[in-house]
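Novice: Structure for the following, please:
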Amino acid sequence: MNTFKFYIGVLGVVVTSAVMVSSCQQKAEEQVLEEGSFKLIQTQIFDKSCATSGCHASEQDAAFRQHGLVLAGISSYDNLINKFPKNTAAKTDSMRLVMPGNVSKSFLFTKINCSAASLLASKQYGNPMPLGANGLSVGEIEFVRKWIEAGAPRAGGSVDASLITNSVPLCGSNFGSTFTALEPPKSNEGIQLHLEPFEVSNTYEREIFVRKPVGNTSELYINRIQSRMRPGSHHFILYDFKNLNNLPTVGQVRDLRNADGTSNLLTFLSMQNHVFWAGTQTQEHDYTFPEGIALRIPANYSFDFNSHYVNKTAGKIPGEVYVNLYKMPKEQVKIVANSINMGNEDFRLAPNQVTIATKTFKFSKPTKVLMLTSHTHKLGEKFVIKIAGGARNGEIVYESTDWEHPLIKTFNVPLEFKAGEGLTSEITYNNNTSKIVRFGLTSEDEMGIIFGYYYEQ
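Specialist: Numbering: from 1, shown residues only. Down below sits the predicted model:
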């Protein structure tokens, strides 16, 4: 037999088979989405608002490491039903992405229900979805609710299809329009700080820093921190400063990036003077210290406000932040708490490789830890904090697999450490880039920081 003809014949069979497989896959997809409630959810909700580039379209999306969920094509149904969410707090609460017949245990419904922002914050479930875009309508959300209640069928279903055409937004006429300012504390109870509205251009992420005075002529002791932000916020942090002799100009808006997308080097340099004081990655946040414990603010002080907003809409949106600081009389303060800021800056992430970076931080005096949270950039897959030394050496006290919305873990019984004991950070990075990555301040660099609160005994 002519060898050339033989290979051509084989090639023809392979091509024909591939076409047949592709055709079968296409028909299978069409069959799965041919009729029923889920087809409407896929085509009218997921395809338009969720399975978009950079979000839930594929495993190549930048955000996939954070959420681990693809909502495109025929895979979306199997990716949802009875699957655990990556959000640590939701997983702990036995949530599923979709639990057929149980709306309250279906994380998908909680995340798309923009009216549940307070619940998301109190449970550490992250922000409402879609982030940085118009929320779903009353009809769309009700359609999903009824579909889950009906057992979340793959095909068929008896949910009224007209619901999904109801385009009245559940949370206002357009993105960010229904924001209500945080009610300030009474003057004898506390003070309110306000980051005034700033513009976020269409299809743009804007992160700014503004140093603002607290307005206190005498020292303050703060035992409760409450914040509220307009929709679309990625995070908000109040930063203290390492060096009080090198402070940015009060009131000056310092963008992290220039209008052309390049990094603003002066802003990055100012970030090297930061120390975490308080922060959140949820639209609503309320943290209260245990009785008798407070943070101290010196007289005539100022903080650096750091606000990051995501706008995926075609129009401009405003960013805005309110923060309430509730005072405790000095005579009632038994313990002054401090912020934890333990960073591992000595690691090297080889290209296309998984690396586990560890570092141990020791306390010089007997110490009690009240709260722990973590910070990495997008290559961070898992952040574990262990006790170092003593009878509990090696015990895991913190674990988060959500780099963008890390767990904030409060200890009702503080973790106790003797002098010389401490904490070890064990961070798993997956560097899927072709470059070596080290510690740095840009989004293309990486970080590995333990934040939290502690006090010395």
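Novice: Helices along the protein, start to end?
Specialist: Assigned by DSSP state H, the chain shows helices spanning 3-32, 37-41, 64-67, 75-80, 88-92, 107-112, 117-122, 138-149, 265-271.
Novice: From the contact counts, what lies against the second one?
Specialist: Helices and strands touching helix 37-41, as assessed by 3 or more Cβ pairs under 8 Å, 6 or more residues apart in numbering; DSSP states H and E, comprise helix 138-149. Heads up, the C-betas are built off the backbone N, CA and C, glycines and all.
Novice: May I see the buried residues of the helix it packs on?
Specialist: Residues G139, E140, I141, E142, F143, V144, R145, K146, W147, I148 are the ones in helix 138-149 that count as buried (16 or more other Cβ atoms under 10 Å).
Novice: Please convert those residues to a markdown table, extending it with distance to G232 and pLDDT.
Specialist: Below are those laid out as a markdown table (distance: Cβ to Cβ, whole Å; pLDDT from 0 to 100):
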| residue | distance to G232 | pLDDT |
| --- | --- | --- |
| G139 | 23 | 87 |
| E140 | 19 | 88 |
| I141 | 18 | 88 |
| E142 | 24 | 89 |
| F143 | 24 | 89 |
| V144 | 22 | 91 |
| R145 | 24 | 89 |
| K146 | 28 | 90 |
| W147 | 27 | 91 |
| I148 | 26 | 93 |
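Novice: I'd like to know which of those is nearest to T203.
Specialist: Proximity of the buried residues of helix 138-149 to T203 (Cβ to Cβ) peaks at E140, which lies at 22.2 Å.
Novice: Am I right that the closest one is in contact with T165?
Specialist: No - taking contacts as Cβ atoms under 8 Å, E140 lies outside contact range of T165: 9.1 Å.
Novice: List the contacts of stretch 81-88.
Specialist: Applying Cβ atoms under 8 Å, 6 or more residues apart in numbering, the contact partners of stretch 81-88 are 66-69, 91, 95-100, 107, 124-126, 152, 399-402, 405, 407.
Novice: Buried members of those into ChimeraX, please.
Specialist: Buried members of the contacts of stretch 81-88, defined by 16+ other Cβ under 10 Å, are picked up in ChimeraX with:
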select :66,67,68,69,95,96,97,98,99,100,107,124,125,126,152,400,401,402,405,407
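Novice: Show me the contacts of stretch 81-88 that map onto strands.
Specialist: Judged by DSSP state E, the contacts of stretch 81-88 include E399, S400 as members of strands.
Novice: How is the protein partitioned into domains?
Specialist: The chain breaks down by automatic domain parsing into domains covering 1-28, 33-165, 179-333, 337-457.
Novice: Just give the number of residues close to S115.
Specialist: Close neighbours of S115, defined as other Cβ atoms under 10 Å, add up to 13.
Novice: Distance-wise, check it relative to G135.
Specialist: Note on S115: its distance to G135, by Cβ to Cβ, to the nearest Å, is 9 Å.
Novice: so where's the stretch 151-300 of the chain uncertain?
Specialist: Scanning the stretch 151-300 of the chain for pLDDT under 70 picks out the ranges 169-178.
Novice: ditto for the stretch 301-450 of the chain
Specialist: Residues of the stretch 301-450 of the chain meeting the criterion pLDDT under 70: 405.
Novice: again, 90 this time
Specialist: Applying pLDDT under 90 to the stretch 301-450 of the chain flags the ranges 309-317, 341, 373, 375, 377-378, 400-413, 440-445.
Novice: which stretches of it form strands?
Specialist: Applying DSSP state E, counting those that start in this stretch to the stretch 301-450 of the chain gives strands spanning 302-311, 317-327, 335-343, 348-349, 353-362, 367-375, 380-388, 396-400, 409-417, 422-431, 437-438, 449-456.
Novice: Just the CA trace of the last one, in PDB.
Specialist: I take that to be strand 449-456. Provided in PDB are the C-alpha atoms of strand 449-456 (Å, rounded to 0.1, in the frame of the first residue of the first chain):
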ATOM      1  CA  ILE A 449       1.500  39.100  55.200                       C
ATOM      2  CA  ILE A 450      -0.200  38.200  58.400                       C
ATOM      3  CA  PHE A 451      -2.500  41.000  59.600                       C
ATOM      4  CA  GLY A 452      -4.500  41.000  62.900                       C
ATOM      5  CA  TYR A 453      -4.700  42.400  66.400                       C
ATOM      6  CA  TYR A 454      -2.700  41.400  69.500                       C
ATOM      7  CA  TYR A 455      -1.800  42.800  73.000                       C
ATOM      8  CA  GLU A 456       1.100  42.000  75.300                       C
END
